[in-house]
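Trainee: model this:
(3 chains)
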Amino acid sequence: MPELPEVETVRRGLQPFMEGATILAVEQRRPNLRFPFPDRFAERLTGRRIEALERRAKYLILHLDDGLGVISHLGMSGSYRIEQGEAAQAPGNFTHERSKNALHDHVVLRLGGKDGQTSSIIYNDPRRFGFMLFAEPGQLNTHPLLKGLGTEPTGNRLDGALLARLFHNKAAPLKAALLDQRLIAGLGNIYVCEALWRAELSPLRPARSITGPDGASTENTERLATLIRSVIADAIAAGGSSLKDYRQADGELGYFQHSFSVYDREGAPCPRTGCNGTVSRIVQSGRSTFYCPVCQH
DNA sequence: CGATCCACCTGTCGGC
DNA sequence: TGCCGACAGGTGGATC
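Mentor: Below you'll find the predicted structure:
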């Protein structure tokens, strides 16, 4: 269930195991996910040291000691889990009571940490919309999947003035504009719905209608920018709090159980104090939008 | 060019 | 119970 906050939560969970670790072995169990694995995938990873694990938008990027970049995207259903100890010693041994979920374990990385501990990092992805690709040394910034990405909604670069510039002359509905990764990178269906609800803005409204003439900042762009940042920050903070038990009994990386104001709450009363509206579900660009038609204008 | 749709997959859930 | 359709957190690529 990965939007930016979930991917950041995964990154924080993997980082202590990955950074500084050496890749001892790689098991690639099928030829492709959404895309074919790169040629010599396992071979080029084996023996390398992982220098850093970075997140950009919804992508995870491993930086290896020979300059190779590994770009990992979780798609709709991808997840990583960490196994330590005996269970991790036998990748491929899933014949006994290992759940049928193991059917979708597509990649296993055996790591030797700087502390001498070994671990297995397992990528699972039932729908296989995720992928792993290489960026050759020095090519990360020009990689086709990364070069067009817009501004991160973390930090302070996303403000009302930037949003106004991005949306100036955009006829597309706010919902579609906020999902456009070339404008803001990392927002997905859930947090777009939640941010628009917080900002009391209708997802149907043309993006350009909240900017001033000539793309000037307005109260609306200021408020929306602020609330996008806060919803993402809140979600990351909540995901982070679930990190303490990232390794559950089954070894699954647990996602924070979000409680949403509108997402997936069709028919529920609008939670805004003083609003007597009901959460609606409509379809925009083929995807569900949840919003309150009473207080979002 | 920009804006819109579809395709890619498997799993789950609700209705009959 | 079983079957069937709708739907799911994303995005590259085809098409207009």
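
Trainee: could you give the separation of stretch A:228-236 from the chain centroid?
Mentor: Distance of stretch A:228-236 from the chain centroid (Cα atoms, centre = their mean, to the nearest Å) equals 13 Å.

Trainee: so what touches it?
Mentor: A:3-6, A:8-9, A:153-154, A:156, A:158, A:178, A:184, A:186-187, A:191, A:194-195, A:198-199, A:256, A:258 (Cβ atoms under 8 Å, 6 or more residues apart in numbering). The C-beta positions use only the backbone N, C-alpha and C, and glycine is treated the same way.

Trainee: do that stretch and DNA strand C meet?
Mentor: No - under the criterion of Cβ under 7 Å from any atom of the strand, DNA strand C is not reached by stretch A:228-236; the shortest gap measures 9.0 Å.

Trainee: let me see the mean pLDDT of that stretch.
Mentor: The pLDDT scores in stretch A:228-236 average 93.

Trainee: also stretch A:80-89?
Mentor: Rounded mean pLDDT across stretch A:80-89 is 72.

Trainee: coming back round to it: which among the contacts of stretch A:228-236 end up buried?
Mentor: A:3-6, A:8-9, A:153-154, A:158, A:178, A:184, A:186-187, A:191, A:194-195, A:198-199, A:256, A:258 (16 or more other Cβ atoms under 10 Å).

Trainee: quick check, the residue in chain A closest to DNA strand B?
Mentor: Closest contact between chain A and DNA strand B, by Cβ to the nearest atom of the strand, is at residue A:127 (3.4 Å).

Trainee: now that residue: closest residue in space that isn't a chain neighbour?
Mentor: Spatial nearest neighbour of residue A:127, excluding adjacent residues (Cβ to Cβ, 6 or more residues apart in numbering): residue A:77 at 4.2 Å.

Trainee: what do you get for residue A:54?
Mentor: In space, and not counting its chain neighbours, residue A:54 is closest to residue A:61: 4.5 Å by Cβ to Cβ, 6+ apart.

Trainee: quick check: beta-bridge partners of that neighbour?
Mentor: On the basis of DSSP bridges, residue A:61 is bridged to residue A:54, residue A:71.

Trainee: so what's it up against?
Mentor: Residue A:61 neighbours (Cβ under 8 Å, 6+ apart): A:53-55, A:69-72, A:135, A:140.

Trainee: and chain A, which residues reach DNA strand B?
Mentor: A:34, A:77, A:100, A:103-104, A:126-129, A:170-172, A:176, A:285-286.

Trainee: so which of those is the closest to DNA strand C?
Mentor: residue A:129 (4.2 Å).

Trainee: on the three-state scheme, that closest one is what?
Mentor: coil (DSSP: H, G, I helix; E, B strand; the rest coil).

Trainee: roughly how far does the residue lying closest to it once chain neighbours are set aside sit from residue A:173?
Mentor: Closest residue to residue A:129 apart from its sequence neighbours, by Cβ to Cβ, 6+ apart: residue A:75 at 2.9 Å. Separation of residue A:75 from residue A:173 (Cβ to Cβ, to the nearest Å) stands at 25 Å.

Trainee: swap in residue A:115?
Mentor: For residue A:115 relative to residue A:173 (Cβ to Cβ), the value is 50 Å.

Trainee: what does residue A:44 give?
Mentor: From residue A:44 to residue A:173 the distance is 43 Å (Cβ to Cβ).

Trainee: ok, now residue A:265?
Mentor: 20 Å.

Trainee: repeat that for residue A:292.
Mentor: 16 Å.

Trainee: thinking again about what came up before, the residue of chain A closest to DNA strand B against residue A:74, yeah?
Mentor: No - contact status for residue A:127 versus residue A:74: not in contact, 10.2 Å apart, counting by Cβ atoms under 8 Å.

Trainee: wait, what's in contact with residue A:116?
Mentor: Per Cβ under 8 Å, 6+ apart, neighbours of residue A:116: none.

Trainee: brain fart, residue A:18
Mentor: Contacts of residue A:18 (Cβ under 8 Å, 6+ apart): A:50, A:53, A:62, A:111, A:121.

Trainee: touching whichever helix or strand the first one is part of from outside, list them.
Mentor: Secondary structure from DSSP states H and E places residue A:50 in strand A:50-56. Outside strand A:50-56, the residues within contact range by Cβ under 8 Å, 6+ apart are A:4, A:7-8, A:11, A:14-15, A:18-23, A:60-65, A:111, A:146, A:149, A:152, A:185.

Trainee: lovely, talk soon.
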